[in-house]
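In: Sharing a model that was predicted from the sequence below.
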Amino acid sequence: MANQREELIEKYADTLRTKFNHQPDMTLLRQVTIGLGPSIYKRDAANVSGSDEKELARVKHNFLIRKLDLEDNEVLDRAIAEVIEEYGVSERTKYRAVIYYLLTKKFGKENVYD
């Protein structure tokens, strides 16, 4: 039987396939998930609240600016909003790994995980 992390990665991949009609790059998805560390096992930390401005600011500052080394501007805010909208505003469970994966792809920053 697969370990818990591998089960979560497969759940994230399934979300990308069904919700976003996207065939995921499993290597990148695995690296993004591993990069999140133990937070993927904690319900609150493993998800992103699309309606919480503080949470979205953390995604922007901690992930897009610090991790992906992007410059702080309104393009980042729009990209986050687009991913949240595509996920579905009413969707209660928005996996952080899926959002980070999609933002990594959107900005072409896959090399950060090499």
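Out: Now that the structure is in, tell me what you want to look at.

In: Now name the helix or strand holding Pro24.
Out: Under the criterion of DSSP states H and E, Pro24 resides outside all helices and strands.

In: what residues are up against the residue lying closest to it once chain neighbours are set aside?
Out: Distance criterion Cβ to Cβ, 6 or more residues apart in numbering; nearest residue to Pro24, sequence neighbours excluded, is Leu16 at 4.4 Å. Every residue, glycine included, has its C-beta placed from N, CA and C. By Cβ atoms under 8 Å, 6 or more residues apart in numbering, Leu16 lies in contact with 22-24, 29, 98, 101-102.

In: just Asp72 next, same as before
Out: 60-61, 65.

In: try 6 Å this time
Out: By Cβ atoms under 6 Å, 6 or more residues apart in numbering, Asp72 lies in contact with Ile65.

In: Could you grab the helix/strand/coil label for it?
Out: Here Asp72 is coil, with the state taken from DSSP: H, G, I helix; E, B strand; the rest coil.

In: quick one: it from Thr27, how far?
Out: From Asp72 over to Thr27 the distance is 29 Å, taken as Cβ to Cβ, to the nearest Å.

In: Quick check: buried residues in the helix or strand hosting Ala81?
Out: When elements are defined using DSSP H and E, Ala81 is found to belong to helix 74-87. Burial within helix 74-87, assessed by neighbour count using 16 or more other Cβ atoms under 10 Å, is assigned to 76, 79-80, 83-84, 87.

In: Buried ones in the helix or strand following that helix, by neighbour count?
Out: Next helix or strand after helix 74-87 toward the C-terminus (DSSP H and E): helix 96-106. For helix 96-106, burial by neighbour count (16+ other Cβ under 10 Å) applies to 96-105.

In: Helix 74-87 and helix 96-106, what's the angle between them?
Out: 130 degrees (axes from the mean of the first three to the mean of the last three Cα atoms, to 10 degrees).

In: contacting residues around helix 96-106?
Out: 12, 15, 29, 32-33, 36, 46, 48, 63, 79, 83.

In: Please save the CA atoms from that helix in PDB.
Out: Coordinates of each C-alpha in helix 96-106 appear next as PDB, following Å, rounded to 0.1, in the frame of the first residue of the first chain:
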ATOM      1  CA  ARG A  96      -2.600  24.100  -1.300                       C
ATOM      2  CA  ALA A  97      -0.500  21.700  -3.300                       C
ATOM      3  CA  VAL A  98      -2.800  22.000  -6.300                       C
ATOM      4  CA  ILE A  99      -2.900  25.800  -6.100                       C
ATOM      5  CA  TYR A 100       0.900  26.000  -5.700                       C
ATOM      6  CA  TYR A 101       1.400  23.500  -8.600                       C
ATOM      7  CA  LEU A 102      -1.000  25.600 -10.900                       C
ATOM      8  CA  LEU A 103       0.800  28.900  -9.900                       C
ATOM      9  CA  THR A 104       4.200  27.300 -10.600                       C
ATOM     10  CA  LYS A 105       3.000  26.300 -14.100                       C
ATOM     11  CA  LYS A 106       1.300  29.600 -14.700                       C
END
